[in-house]
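**Student:** For reference, the sequence and a predicted model appear below.
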Amino acid sequence: MTLCCLNGVIGPVSEARISPLDRGFLFGDGVYEVLAHVDGVTRAKQLHRDRLEKSLTAIGLSASVSLDTVFSDMDRLLAASGLQSAKLYLQITRGPAAERDHRFPRAVDPTVFLMASPWSPSVLGPQAAMIAPDIRWHRNHIKSISLLANVLIQQQASEAGAIDALLHRDGWLTEASTSNAFVFQDGALLTPPLSEQLLPGITRHLVLDLAAAQGFSVIETEIAIDQLPRADLVMITSSTRGLVPITRLIPDQIIGRGHVPDYFETLQSAYQRVLHAHP
Ligand SMILES: Cc1ncc(COP(=O)(O)O)c(C=O)c1O
């Protein structure tokens, strides 16, 4: 039984109820976070909290939400679930209005939904990805729950046998539909710079630090999508999938030599140590 916490009340997710007038349901008017809870520790909590605060500010909702309460609810939920490792989903919407109106409602409390699902981190081997145009909106730095474009892209990728789609705008790599994207090339680790076109991934942040500590030159730069087949390796990252090596582009291109180089395994081990560290 998966437990959730809806507006401070903990119970089975199957019994939780929200109004059909909730603006998350009607408009996708809300933001979210996904956190990894591993070996009894919620990982990178402060980084997730800072990003959530930025997302709330970007949609004009930060003044109505106490993040202290949200994060203490998360701790209560984890304690109630008894899970040592879990995927934590956190969603805040602009709440249930009296009627369907695009404009912000007055004096409506946000809906705060937290869910702790049984999960444990796994290490994925080499994967295939596809390339697709980035059809999303232009404010992808906000972790918005309006994910229709991501849903369509992810479904297309899945049907093609790809783990994700590497997205490009006008021929330039942005990120993937559920992860950030990187290229290993001649001893350097390249990734597009932060902008409104991509999510400032928490794993991206951790990986850039780890890679620099391991002697990679870390370069945040525009990457032409045509460059990917000529890379030594492509990588995607997210809090739930961790670091995933991409050695093949669907339908039929091999990246680099088609296998995972030793330096990737070294970076992977460093990340796994951080993920499982006991503070
Ligand atoms: C579009 C997108 N980019 C990047 C990421 C990776 O972010 P994080 O490392 O914070 O999980 C995600 C994760 O959900 C995502 O949906």
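**Tutor:** Looks like it arrived, so ask away. Residues are numbered from 1 along each chain as shown.
**Student:** what number of residues lie near Ala165?
**Tutor:** 28 (other C-beta atoms under 10 Å). Quick note: C-beta positions are derived from backbone N, CA and C, even for glycine.
**Student:** Is it bridged to anything, and to what?
**Tutor:** Met130 (DSSP bridges).
**Student:** That one against Ala176, yeah?
**Tutor:** Yes. At 6.1 Å, Ala165 counts as touching Ala176 under the criterion of C-beta atoms under 8 Å.
**Student:** near the ligand, which residues of the stretch 1-150 of the chain?
**Tutor:** Residues of the stretch 1-150 of the chain found near the ligand (C-beta under 6 Å from any ligand atom) are Val34.
**Student:** who touches the residue of the stretch 1-150 of the chain found nearest the ligand in this structure?
**Tutor:** Nearest to the ligand in the stretch 1-150 of the chain, going by C-beta to the nearest ligand atom, is Val34, at a distance of 5.5 Å. Contact analysis of Val34 by C-beta atoms under 8 Å, 6 or more residues apart in numbering lists Lys87, Leu88, Tyr89, Leu90, Ser238, Ser239, Thr240.
**Student:** Check what pLDDT the fourth one gets.
**Tutor:** If you check Leu90, the pLDDT there is 98.
**Student:** Let me know the distance separating it from His276.
**Tutor:** Separation of Leu90 from His276 (C-beta to C-beta, to the nearest Å) stands at 22 Å.
**Student:** Looking at those two, which one has more neighbours?
**Tutor:** The neighbour comparison of Leu90 against His276 (other C-beta under 10 Å) goes to Leu90, with 23 against 13.
**Student:** Skipping adjacent residues, who's closest to the more buried one in space?
**Tutor:** In this structure, Leu90 finds its nearest non-sequential neighbour in Glu33, 4.5 Å apart by C-beta to C-beta, 6 or more residues apart in numbering.
**Student:** How about Arg257?
**Tutor:** Asp232 is the one closest to Arg257 (C-beta to C-beta, 6+ apart), at 8.0 Å.
**Student:** Pull out the buried positions in whichever strand or helix holds Ser269.
**Tutor:** In this structure, Ser269 sits in helix 262-276 according to DSSP states H and E. Across helix 262-276, burial judged by 16 or more other C-beta atoms under 10 Å covers Tyr263, Phe264, Leu267, Gln268, Ala270, Tyr271, Leu275.
**Student:** Just name the closest of those residues to Gln127, please.
**Tutor:** Phe264 (12.4 Å; C-beta to C-beta).
**Student:** Against the ligand, how distant is the closest residue to the closest one other than its chain neighbours?
**Tutor:** Using C-beta to C-beta, 6+ apart and skipping residues adjacent in sequence, the residue nearest Phe264 is Pro245, 5.5 Å away. The gap separating Pro245 from the ligand is 16 Å, by C-beta to the nearest ligand atom, to the nearest Å.
**Student:** Check Ala181 too.
**Tutor:** The value you get for Ala181 to the ligand, if C-beta to the nearest ligand atom is used, is 9 Å.
**Student:** Which strand residues bridge that residue?
**Tutor:** Here Ala181, judged by DSSP bridges, has bridge partners Ile236.
**Student:** Poorly predicted segments of this structure, please.
**Tutor:** For the chain, no stretch has pLDDT under 70.
**Student:** related to what we said a few turns ago, what do Ala165 and Ala176 both touch?
**Tutor:** With C-beta under 8 Å, 6+ apart, Ala165 and Ala176 have common neighbours Ala129.
**Student:** how distant is the helix or strand the residue nearest to Phe264 falls within from the center of its chain?
**Tutor:** Taking DSSP H and E as the criterion, Pro245 maps to strand 242-249. Put simply, strand 242-249 sits 16 Å off its chain's centre (C-alpha atoms, centre = their mean, to the nearest Å).
**Student:** so what strands line up beside that strand?
**Tutor:** strand 127-133 (parallel), strand 233-238 (antiparallel), strand 253-254 (antiparallel).
**Student:** now the second one and helix 262-276, what's the angle there?
**Tutor:** Here strand 233-238 points in a direction 10 degrees away from that of helix 262-276 (axes from the mean of the first three to the mean of the last three C-alpha atoms, to 10 degrees).
**Student:** Show residues contacting strand 233-238.
**Tutor:** Strand 233-238 has contacts (C-beta under 8 Å, 6+ apart) with 34, 129, 163-164, 166, 176, 178-184, 201, 203-204, 207, 228, 243-247, 255-256, 260-261, 264.
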